[in-house]
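Asker: Whatever this is, show me its structure:
(2 chains)
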Amino acid sequence: MSALLKVRDLHVDIPLAAGVLHAVRGVDFSVDRGQTLSLVGESGCGKSLSVLAVMNLLPKKATWHANTIAFDGQELDGVSEWQMANIRGSKMAMIFQEPMTALNPCYTIGNQLEEALLRHQPVSRNKARDRAVYLLEKVGITAADSRLKQYPHQLSGGLRQRVMIAMGLMCGPPLIIADEPTTALDVTIQAQILALLASLQKEFDMGMILITHDLGVVARMADSVAVMYCGQVVETGRAIELFENPLHPYTQGLLRCIPVPGKTKPGEHLGSIPGIVPTPIGEQTGCVFQNRCSYVTDDCTSAKIGLARISAGRAYRCLLRPKVSQKNMSESQAI
Amino acid sequence: MTTALLQTEDITKVYQVSAGLFKGKLPLTAANGVSIQVNRGEVVGLVGESGCGKSTIAKIILGLEKATSGQIYFDGQPMTNIDRKERARRIQPIFQDPYSSLNPRKSIGSIISLPYRVHQIGNKSEMRTRMTEIMDTVGLPPRFMSSYPNQLSGGQRQRVAIARALIMKPDLVICDEPTSALDVSVQSQILNLLLDLRKNRGLTYLIITHDLSVVEHIASRVAVMYLGRIVEEAATDKLLKNPRHPYTRALLTSVLTPEPRLGLPETHLGIAYPNPIDPPPGCTFHPRCPEADDRCKKARPQPIDENDHMVACYFA
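Answerer: Here you go, the predicted model:
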């Protein structure tokens, strides 16, 4: 079975006065129905721009090109904006990070929910309304009927995010893209919203791309993970394998940075990744992580480093062979 | 009791908020009888969700807001006896967002040295030595002195904020979500720096955060706040091993650690955070509490203090 969404060698460039900013440099990923792929990385690594390119929602200045962006067997490169508008919302929908800015403050919740369906399907407003009520109840909003008449500012952050999720589901899209869906929410609400997303995904058999910087969220939600750094995927694999045996020094470093109750010793130094992300403007020779990596060698600075595949779906972009990095991993954990 | 550096007694803060056009104002109780004690050399974590009043407490301690009622004692003296300038010298804040807490039009040198100039201590050359010293301590190269905030990364900006807070050698540093605006790898750098500074300079911190894993790592005592009240307080290891309030338990289960085999936690909480203008009667947590019964709806449970573990719940 072919993947629901397949992206190969995606590039996003933004021309600036100082030069061309290569925000995404040759990213591959694919997601199947019923599966969750997580794009994880720090701010500026290109994770959001990658999916905005897929949705053709990039800022005007930015340009993208790719070898393939195939959705459900259809090539998206070259489709007209009109066709794309028909796909967006009905075939793939997006849940944005800030429900306060993504919802229109001038229209009621009901109006905005119904619009999502009316834009794509020849149904009556009453039908659309029924669907909205059904979905609001699905996402756990009580008294859904009366909520339809409310405006976004009358809802709390958690409720607004639930409305965003319901809106994404209005047309029953096969693919849902969630961009930091819980970052703006409180911790206890975050767990509830994630559980809701996971159960809806199962129920409607959707593919999901989850974009986040929070490795905890990734570990608990994702089937497969792509770790991004500086516009490249540096490591990818099944979530369990990737978290239990991270191969790229960046992934290893990230995991050491997080305090885990019961595992990290209180009051002791956490691991850290020295230095900062290199500027994404201009070409980069060699490994993108070279200036922060503790295993750096001369080869890292000159050679072009490709993704080394070690098994189906498991790959990483580093010259270190798996054995070496595993050994180093256990050493650094012992310290 | 002699070691208490900061002690608040029954702090209450009521804001008057607008109920809408042409309507009167309504009282919003942001903090309701909050008593915390921070001993010298201790790190106290104040944990809670947005809107629980934790930042209000920070503002009151810093003197940026006036408490409606209640007393604050600093180093044994009532805060009202302490001069405004002296208070600012001895208590310093580090705010959440290093993008908005630094003036974009001032150079880093001028930002860091501002407290020094305000307090008019020493001459210019002394100020310069202190600045180089403090920048070195927080890990900022001296060449940044003439840079501007927009030339710095988030982690470097937070280091500037820390340097500014520490240049007057304060006794107490109040960190309001010091790492939540930062990326993961930078967050750990800043936490490490805060730990080092505490060890080397004997600093006392009050850390305000929503992230229990940060608190677990850095704090020696934790107070959990819900809707303006402290519902549980104990030494960190005690509280995490044996959380007695259902809200603390929910917070703990909500911490998502990078362990893929564990799956998503079930918190058993109702969805709605109550409206602070119209708080529920009795225990304010009862509408979301999985264990609540009739008692909880009628009267608020009084805090019980057993073996230095305070909790306000009938079922604890």
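
Asker: wouldn't B:Val184 be in contact with A:Ile258 here?
Answerer: Yes - with contacts counted by Cβ atoms under 8 Å, B:Val184 reaches A:Ile258, the gap being 6.5 Å. Yep, even glycine has a C-beta here, placed from its N, CA and C like the rest.

Asker: Find residues that contact each of these two.
Answerer: Common contacts of B:Val184 and A:Ile258 (Cβ atoms under 8 Å, 6 or more residues apart in numbering or on different chains): A:Leu215.

Asker: Next, the residue of chain A found nearest chain B: secondary structure please.
Answerer: Residue nearest to chain B within chain A (Cβ to the nearest Cβ): A:Gly216, separated by 3.2 Å. Under DSSP: H, G, I helix; E, B strand; the rest coil, A:Gly216 falls in the helix class.

Asker: How about it, nearest residue that isn't a chain neighbour?
Answerer: In space, and not counting its chain neighbours, A:Gly216 is closest to B:Leu256: 3.2 Å by Cβ to Cβ, 6 or more residues apart in numbering or on different chains.

Asker: Which residues are in contact with that neighbour?
Answerer: B:Leu256 makes contact with A:190-191, A:214, A:216-217, A:219-220, B:265, according to Cβ under 8 Å, 6+ apart.

Asker: Between those residues, which sits nearest A:Lys60?
Answerer: Relative to A:Lys60, the closest of these is A:Asp214; by Cβ to Cβ it sits at 30.1 Å.

Asker: Is there a neighbour count for that closest one? I'd like the number.
Answerer: Residues lying near A:Asp214 (other Cβ atoms under 10 Å in any protein chain shown) number 19.

Asker: Now it, what are its backbone angles?
Answerer: A:Asp214 has phi and psi values of phi -100, psi 110 when expressed as degrees, to the nearest 10.

Asker: burial count for A:Asp130?
Answerer: A:Asp130 has 13 neighbours, counted by other Cβ under 10 Å.

Asker: Give the residue spans of chain B that score low on pLDDT.
Answerer: Residues of chain B meeting the criterion pLDDT under 70: B:1-2, B:271-272.

Asker: In chain B, where's the longest strand?
Answerer: In terms of residue count, the longest strand belonging to chain B (DSSP state E) is strand B:4-18.

Asker: ok, that one: who's next to it in the sheet?
Answerer: Here strand B:4-18 is paired, per DSSP bridges, with strand B:25-34 (antiparallel), strand B:37-39 (antiparallel), strand B:69-74 (antiparallel).

Asker: buried ones in the last one?
Answerer: Neighbour-count burial for strand B:69-74, with 16 or more other Cβ atoms under 10 Å in any protein chain shown as criterion, is recorded at B:70, B:72-74.

Asker: what would those residues look like in a markdown table with distance to B:Ala219?
Answerer: Formatted as a markdown table, the buried residues of strand B:69-74 follow (distance: Cβ to Cβ, whole Å):
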| residue | distance to B:Ala219 |
| --- | --- |
| B:Gly70 | 23 |
| B:Ile72 | 20 |
| B:Tyr73 | 21 |
| B:Phe74 | 20 |
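
Asker: In the residues you listed, find the pair that's most separated.
Answerer: B:Gly70 and B:Phe74 (13.6 Å).

Asker: can you give me the end-to-end distance of stretch B:297-309?
Answerer: This stretch, stretch B:297-309, spans 24 Å end to end (Cα to Cα, to the nearest Å).

Asker: quick one: contacts for residue 286?
Answerer: Since you didn't name a chain, this refers to chain A. Counting by Cβ under 8 Å, 6+ apart, A:Gly286 makes contact with A:300-305.

Asker: I was after chain B.
Answerer: When contacts are counted by Cβ under 8 Å, 6+ apart, B:His286 touches B:280, B:292, B:296-297.

Asker: change it to 10 Å
Answerer: Taking Cβ atoms under 10 Å, 6 or more residues apart in numbering or on different chains, we find B:His286 in contact with B:246, B:270, B:274, B:280, B:292-298, B:300-301, B:314.

Asker: and it, what element?
Answerer: If you go by DSSP states H and E, B:His286 is not part of any helix or strand.

Asker: Please report the distance of it from B:Lys298.
Answerer: From B:His286 across to B:Lys298, the span is 10 Å (Cβ to Cβ, to the nearest Å).

Asker: Can you tell me the SS state at the most centrally placed residue in chain A?
Answerer: Taking Cα atoms, centre = their mean, the centroid of chain A lies closest to A:Ile211, which sits 2.0 Å from it. Here A:Ile211 is strand, with the state taken from three-state DSSP.

Asker: which stretch of helix or strand covers the residue of the stretch 151-300 of chain B found nearest chain A?
Answerer: Nearest residue of the stretch 151-300 of chain B to chain A (Cβ to the nearest Cβ) works out as B:Leu256 at 3.2 Å. Following DSSP H and E, there is no helix or strand that holds B:Leu256.

Asker: mind pulling up the phi and psi values for it?
Answerer: Dihedral angles of B:Leu256 (phi, psi; degrees, to the nearest 10) stand at phi -100, psi 110.

Asker: wouldn't B:Asp308 be in contact with B:Arg221 here?
Answerer: Yes - between B:Asp308 and B:Arg221 there is a contact at 9.3 Å, judged by Cβ atoms under 10 Å.

Asker: quick one: common contacting residues for these two?
Answerer: Shared contacts of B:Asp308 and B:Arg221, defined by Cβ under 10 Å, 6+ apart, are found at B:233-235, B:238.

Asker: Of the contacts of A:Gly286, select the buried ones using a ChimeraX command.
Answerer: Those of the contacts of A:Gly286 that count as buried under 16+ other Cβ under 10 Å are selected in ChimeraX with:
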select /A:300,305
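
Asker: Sitting in helices, which of the contacts of A:Gly286 do you find?
Answerer: Judged by DSSP state H, the contacts of A:Gly286 include A:300-302 as members of helices.

Asker: related to what we said a few turns ago, who has more neighbours, B:Asp308 and B:Arg221?
Answerer: For B:Asp308 versus B:Arg221, neighbours defined as other Cβ under 10 Å are more numerous around B:Arg221 (22 against 10).

Asker: pLDDT at the closest residue in space to A:Thr182 that isn't next to it in sequence, what is it?
Answerer: Nearest residue to A:Thr182, sequence neighbours excluded (Cβ to Cβ, 6+ apart): A:Gln190, at 4.1 Å. A:Gln190 is assigned a predicted lDDT (pLDDT) of 86.

Asker: For A:Gln190, give its distance to A:Gly158.
Answerer: From A:Gln190 across to A:Gly158, the span is 9 Å (Cβ to Cβ).

Asker: which residues are in contact with both of those two?
Answerer: Counting by Cβ under 10 Å, 6+ apart, the residues touching both A:Gln190 and A:Gly158 are A:182, A:184.

Asker: OK, contacts around the closest residue to A:Leu215 other than its chain neighbours?
Answerer: Nearest residue to A:Leu215 in three dimensions, chain neighbours excluded: B:Pro258, at 4.4 Å (Cβ to Cβ, 6+ apart). Counting by Cβ under 10 Å, 6+ apart, B:Pro258 touches A:214-220, A:239, A:242-243, A:246, A:254-255, A:258, A:260, A:263.
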